[in-house]
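Peer 1: Build the 3D model from these lines:
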Amino acid sequence: MNAFHSHWAALAADRLPRRSQINPAEITGALPWMLVLEMLRDRKKTEFRYRLAGTGCTELFGVDYTGKMLGENLTQEGAEIRRKEFTHVANTLEPVFSTTNLPIKTKDFITVHRGVFPVSLHGDTADQIFVIVAPKSTECALRSRANVPNRLSTQRHTVSTAPNKCGAFQRHRLS
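Peer 2: Predicted coordinates for the structure are as follows:
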């Protein structure tokens, strides 16, 4: 998440980052853990549709959210919390960071780090929301294996029940 945040912050120096400025080659470690949502606005409300779900997210959630609307496969409470969070990020143009459990009934025991970032397609209005969400167990793995492709494959299927200290994970299979 730090790599994506640094990339986003460098682009946000003068204005809201544009989608075309985000270079996937500079954030390869974050790509599996990335969700991209498009904002669908009408006069009454804003909805969110997933345009992209990284492979790590798909494995973690047990479903590919690509093309789905926010709220599918989430608890009603979880969907409303996310909707408010995404709307807040779009309105303030500032990222939000959290550590939380997944709002999926069968996976609510999994703790993840999350970063939510506003992005513009054309100007100064947020049109898309980028979310980086990864199990706590990936934090140290990403830090220690930065810029080494495909080295996290063994980490994708595990979660940590121990405090987030590098090398001190008790791993449990997700599936």
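Peer 1: Using the three-state scheme, assign the most centrally placed residue in the chain.
Peer 2: Nearest to the mean C-alpha position of the chain, counting by CA atoms, centre = their mean, stands I132 at 2.2 Å. With DSSP: H, G, I helix; E, B strand; the rest coil as the basis, the three-state label of I132 is strand.
Peer 1: show me where this structure has strands.
Peer 2: Along the chain, the segments classed as strands by DSSP state E run 34-41, 46-53, 96-101, 111-119, 128-135, 158-160, 171-173.
Peer 1: Number of residues surrounding A134?
Peer 2: The local packing count at A134 equals 26, with neighbours defined by other CB atoms under 10 Å. Just so you know, the C-beta spots here come from the backbone N, C-alpha and C atoms, and that holds for glycine as well.
Peer 1: measure it to G123 for me?
Peer 2: According to CB to CB, to the nearest Å, A134 stands 30 Å off from G123.
Peer 1: Likewise for L52?
Peer 2: For L52, the distance to G123 equals 21 Å [CB to CB].
Peer 1: Between those two, tell me which one has more neighbours.
Peer 2: For L52 versus G123, neighbours defined as other CB under 10 Å are more numerous around L52 (17 against 10).
Peer 1: quick one: the more buried one and P32 touch, right?
Peer 2: No. Checked against CB atoms under 8 Å, the pair L52 and P32 is beyond contact range at 11.2 Å.
Peer 1: Residues in contact with both of those two, list them for me.
Peer 2: With contacts defined as CB atoms under 8 Å, 6 or more residues apart in numbering, no residue is shared by L52 and P32.
Peer 1: Just give the number of residues close to the closest residue in space to G62 that isn't next to it in sequence.
Peer 2: Across the structure, with CB to CB, 6 or more residues apart in numbering as the measure, the residue nearest G62 apart from its sequence neighbours is K107 (6.9 Å). The burial metric for K107, expressed as a neighbour count using other CB under 10 Å, is 16.
Peer 1: swap in the one 5 residues further on?
Peer 2: Counted with other CB under 10 Å, the burial measure for V112 works out to 21 neighbours.
Peer 1: Next, the contact list for it, please.
Peer 2: Contacts here follow CB under 8 Å, 6+ apart; on that basis V112 touches 60, 99-102, 133-136.
Peer 1: Among these, name the buried ones.
Peer 2: Buried members of the contacts of V112, counted by 16 or more other CB atoms under 10 Å: 60, 102, 133-136.
Peer 1: just these now: which is nearest L37?
Peer 2: Within these, proximity to L37 (CB to CB) peaks at V133, which comes in at 11.7 Å.
Peer 1: Thank you kindly, that will do.
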